[in-house]
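Student: Could you work out the structure for the sequence below:
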Amino acid sequence: MKNLFNLDNPFFQLLTGLANLFLVNVLFLLCCLPVFTIGASCAAAFKTVKEISEDTCGGICKTFFAAFRANFKQATGAWLTALVVLAALVCDFLLLRLYFAGTLYTILFVVLGVLAFLCISVLCYMFPLIGHFENKVKEHLFNALILTIVHFPRSLGMVALHILPLALALFAPQAFIYTLLLWVMTGFSFLFLLDAKLLAPVFEKLENMANN
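Tutor: Here you go, the predicted model:
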């Protein structure tokens, strides 16, 4: 019984982990509300969750807002640019459905799908790169594009994870409503945790290259 209340008990470690994810999730959602700050919020959430997973976090709120402020300019610029590109792709898709059919429709649909995948995948790498490495935006963009291609299976997994909430909302709204509480509590921070795990070996290689 004495081990039941031991802080090293797996049960307490699980509760602590969930509480940390919950706090990061709340901070992330609150900082996403102005919409144009979503990029900075993504970079900050990734950095915070990564440090939590590595047991190097010096305080969740402190880490999150320090990263938010430090990366605000780069992450916001990247997000607003991506938002314009994604909006253009959505408009192209709507026009495609209205004015095209047959083989040409299929070809153009595939082209738009590839472009959308590249855009989302680059963002999946871009914000973690901004949050973790000091570099210029153009270099972050170039590195994100290279990583998308070189680590294509990993890129597919990350894109699938990040479009999951939107896919549920569009194609399975009832399932999205059922899981809405989960997304509000820990859903997004859990996605960033999975990102951190997926990107850990990639970032380790990049750090080794930078140090050599």
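Student: list the contacts for the residue nearest the centre of the chain?
Tutor: Central residue of the chain (C-alpha atoms, centre = their mean): C124, 5.1 Å from the mean position. Residues near C124 by C-beta atoms under 8 Å, 6 or more residues apart in numbering: 155, 158-159, 162, 195. For the C-beta atoms, the positions are set from N, CA and C on the backbone; glycine is no exception.
Student: one more time with 6 Å
Tutor: For C124, the contacting residues are 158, 162, by C-beta atoms under 6 Å, 6 or more residues apart in numbering.
Student: pLDDT averaged over stretch 137-151, what's the number?
Tutor: Throughout stretch 137-151, pLDDT has a mean value of 93.
Student: re the thing from before, so after the helix or strand containing the residue nearest to the centre of the chain, what's the next helix or strand?
Tutor: Element membership of C124, judged by DSSP states H and E, is helix 102-132. Note on helix 102-132: by DSSP H and E, the next helix or strand toward the C-terminus is helix 137-150.
Student: quick check: angle from that following helix to helix 102-132?
Tutor: 120 degrees (axes from the mean of the first three to the mean of the last three C-alpha atoms, to 10 degrees).
Student: tell me what helix 137-150 is packed against?
Tutor: On a contact count with 3 or more C-beta pairs under 6 Å, 6 or more residues apart in numbering; DSSP states H and E, helix 137-150 meets helix 102-132.
Student: buried residues in the helix it packs on?
Tutor: By neighbour count on 16 or more other C-beta atoms under 10 Å, the buried set for helix 102-132 is 116, 118-132.
Student: Looking at those residues, spot the one nearest I146.
Tutor: For those, the residue nearest I146 by C-beta to C-beta is Y125; the value is 9.0 Å.
Student: Right, I'll leave it there.
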